[in-house]
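Peer 1: Predicted structure and sequence below. I'll ask about it afterward.
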Amino acid sequence: MRYLLPLLFLVALFAMLMLRGYVHNEILADHRIRPDASTDTVPERILDGGPVIDARGPGKPTSLDIPKHKLVLTFDDGPDPTWTPKVLDQLKKYHAHGVFFVTGANAARYPDLIKRMVDEGHEVGLHTFNHPDLSYQSHARIDWELAQNQLALEGAAGIRTSLFRPPYSSFADAIDDQNWPVIKYVGSRGYITALDSTDSEDWQRPGIKTIIKNATPKHGKGAIVLMHDSGGDRSQTVAALDTFLPGLQGKGYAFVNLTEALNAPSAHTPVTGMDLWKGKAFVFAVQVSEHTTDVLVGGLAVIGVLVFARFGLMLILSFLHARKVRARGFRWGPEVTEPVSVIVPAYNERECIANTVRSLMASDHPIEVIVVDDGSTDGTADIVEAMWLPNVRVVRQVNGGKPSALNNGIRNARYDIVVMMDGDTVFEPSTVRELVQPFGDPRVGAVAGNAKVGNRDSLIGAWQHIEYVMGFNLDRRMYDVLGCMPTIPGAVGAFRRTALERVGGISEDTLAEDTDVTMAMHRDGWRVVYAENARAWTEAPESVQQLWSQRYRWSYGTMQAIWKHRRAVFERGPSGRFGRVGLPLVSLFMVLAPLLAPLIDVFLLYGLVFGPTQKTVVAWLGVLVIQLVCAAYAFRLDRERLTHLVSLPLQQVLYRQLMYVVLLQSWITALTGGRLRWQKLRRTGVVEAPGGIPTQRGSKENVDRRPVA
């Protein structure tokens, strides 16, 4: 289900966007208009005849006139949600009927208006689906346009029609050698072509009086009057009808349907059975695509606001955080000089563990190191024991997972401050000292360090480096100021032992034990802060598969932690403050907003292919520039070189898509009740200890080289 549902979701989204593009004339649209041509092949009786052409059957095509004092009002290009109802209101007001030549695209989008036309006694004719000039189209395309137009009418009102008006048509004497074959072919398919004999020219918006003058036939002649109920502002058309209809009715004119004027059977034929259901299914699909895209557009607006709000918040609060902690004379409290315990949970870390331990031996703060071997099968514990380093102990246990290893390390720790790190991470000599200084404030229960990507030379490593600096560390500055730090990174974090004991240690309830315990700290009333100078260098995944596994676990574990601590929203005191500030922010920025963020790329792709390409590119570049500014600021705060930002545009195109799918799969796993196991990432040991000093300085503790069983 985790793989099938995302695939089905993407296929459905793609299909809905394609359908939307089709009904909005963005796909398969042909806007060419053929210039006038000669009339050599058009019969004189057609050129000099009436506006109705019957080319059905094997005989010669004939033309028909509208009888005197009969007016057939026709409205092209609709229906339109704004103007068609107003036109219908005017016709109803004066008990007049007319013919609406509708496009299939608009009929499928506004089916209720088609049904109203039919229910109120008006006739409906075909005006093709996408309004192309049919003289450019093949017979197959003409058949398609007519069939899709009929399909929309079947779904909207349960009828078929025999009336047709070609797009861009005019009077009978304007038929030429290019469009005459189209009229004959359409006639052979069973349709009567209705042109016009009086053009109101309302599409030019010449004024109400001019529209009425143009639409009024002379000497009591009958006519087919061309008007429009779509395609722009039709307020003049509506206003003109309010005068035109009663005025000509007073002169003895009757406003009737076309077939009524010709004493012919109704142009409408009811449809039943499969044809009816196919039409209804098509209209329903169009409605779903319309509403879905409306929701997507709304979601895009929401994500746009969230993205800009988050960027603004990060920039402002990060600046305040840096200004506070870098101010001359800033101190968390009394300097922390007492020794601390460093716990290194390790499972099959033979490639990295020696570098990790050596980096700790270079620490300028007194420490003891406890390597908890979690049932490794590659000799990880043997490597550490063979190093015979002072104040380094190995604790062996049966494989029980990272939380179990950390809790075992806490039980074996001697000191009140506990530093936790991963077995693939190396510390700088000053990392531990910088990490523990905030504990000079007795309110601080945990400290997050500055995790950095050590293997950033590859493209995927550079992308993660950008993410760590911009996404993680800039976020931590913001959350520090707000007092709702959601996660102490497993690569570099420190805890007050009493605080850990009060929250029950490291829980095994979630796959994000670091997020879980951090939230528990907040709920217990402890401060959780960020130490920017406590740098740790970690080995990031070097393949897409490994990155997928890691982020999948992170995303799913974060959701588990949010759900586990959901009751904090309703509680009082510190727990309630975190629940009403921290949890909403974490849920919004780490779970919900990233889920909507793909809309930016979806609409980018859609705009590039079907929409206004130039505007789409400019908008996307604008968002990219904002991200680049934020990233440059984050790199400046972390004193990182800006050269890696060269890959930021490519990261937005490729890397983000992977993160989107990972988050989507996490959602599906959570909603379907799936289970996700810990997955061990393959390490290479490319991240080495800075300085390479293999002995510890500054510790007066007794040397203890004995492994702990």
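Peer 2: That came through, no problem. Numbers count the residues shown, from 1 in each chain.

Peer 1: who are the neighbours in contact with Asn460?
Peer 2: No, residue 460 isn't Asn; it's Ile. Ala540, Pro541, Glu542, Ser543, Val544, Leu547, Tyr655 (CB atoms under 8 Å, 6 or more residues apart in numbering). C-beta: built from backbone N, CA, C; applies to glycine.

Peer 1: Distance to Gly573 added to the residues you listed, as TSV?
Peer 2: Formatted as TSV, the contacts of Ile460 follow (distance: CB to CB, whole Å):
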residue	distance to Gly573
Ala540	38
Pro541	40
Glu542	45
Ser543	45
Val544	44
Leu547	39
Tyr655	40
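
Peer 1: which among the residues you listed end up buried?
Peer 2: Among these, those scoring as buried are Ala540, Pro541, Glu542, Leu547, Tyr655 (criterion: 16 or more other CB atoms under 10 Å).

Peer 1: Okay, and which of the residues you listed map to helices?
Peer 2: Secondary structure defined by DSSP state H assigns Leu547 of those to helices.

Peer 1: Of all pairs in the buried ones among the contacts of Ile460, which one spans the longest distance?
Peer 2: Spatial extent of these (CB to CB) is set by the pair Glu542 and Tyr655 at 13.8 Å.

Peer 1: got the contact list for His321?
Peer 2: Applying CB under 8 Å, 6+ apart, we find His321 in contact with Arg477, Met478, Asp480, Val481, Tyr530.

Peer 1: element containing the first one, please.
Peer 2: Yep, that's Arg477 we're talking about. With secondary structure defined by DSSP states H and E, Arg477 is part of helix 474-482.

Peer 1: pLDDT averaged over that helix - what is it?
Peer 2: Helix 474-482 shows a mean pLDDT of 91.

Peer 1: Could you list the residues in contact with it?
Peer 2: If you take CB under 8 Å, 6+ apart as the criterion, helix 474-482 is touched by 313-314, 317-318, 320-322, 448, 485-486, 528-530, 532, 581-582, 585, 589, 630, 633-634, 637.

Peer 1: In that helix, which of the residues would be classed as buried?
Peer 2: Neighbour-count burial for helix 474-482, counted by 16+ other CB under 10 Å, picks out Leu474, Asp475, Arg476, Arg477, Met478, Tyr479, Asp480, Val481.

Peer 1: Could you find the closest non-adjacent residue to the first one?
Peer 2: Sequence neighbours aside, Ala634 is the residue nearest to Leu474 in space, at 4.4 Å (criterion: CB to CB, 6 or more residues apart in numbering).

Peer 1: longest strand of this protein?
Peer 2: Assignment by DSSP state E gives strand 527-538 as the longest strand of the chain.

Peer 1: tell me the angle it makes with helix 474-482.
Peer 2: Going by axes from the mean of the first three to the mean of the last three CA atoms, to 10 degrees, strand 527-538 is angled at 160 degrees with respect to helix 474-482.

Peer 1: ok, for Val342, nearest residue in space, not its chain neighbours?
Peer 2: Using CB to CB, 6+ apart and skipping residues adjacent in sequence, the residue nearest Val342 is Val419, 4.5 Å away.

Peer 1: Next, work out how far apart that neighbour and Gly576 are.
Peer 2: Val419 is 30 Å from Gly576, where distance means CB to CB, to the nearest Å.

Peer 1: Please apply the same query to Gln652.
Peer 2: Distance of Gln652 to Gly576, given as CB to CB: 38 Å.

Peer 1: Please identify which of the two sits among more neighbours.
Peer 2: Using other CB atoms under 10 Å, the more surrounded residue of Gln652 and Gly576 is Gln652, with 19 against 15.

Peer 1: what separates the more buried one from Gly312, distance-wise?
Peer 2: Between Gln652 and Gly312 the distance is 19 Å, computed by CB to CB.

Peer 1: Now do the contacts for Leu588.
Peer 2: Taking CB under 8 Å, 6+ apart, we find Leu588 in contact with Leu306.

Peer 1: if I look at it, how far off is Val602?
Peer 2: From Leu588 to Val602 the distance is 20 Å (CB to CB).

Peer 1: try Val286
Peer 2: Applying CB to CB, the value for Val286 to Val602 is 19 Å.

Peer 1: can you give me the mean pLDDT across the helix or strand hosting Ala15?
Peer 2: Secondary structure from DSSP H and E places Ala15 in helix 4-23. Mean pLDDT, helix 4-23: 80.

Peer 1: Give the buried residues for that helix.
Peer 2: So for helix 4-23, counting by 16+ other CB under 10 Å, buried means Leu5, Pro6, Leu13, Met16, Leu17, Leu19, Arg20, Gly21, Tyr22, Val23.
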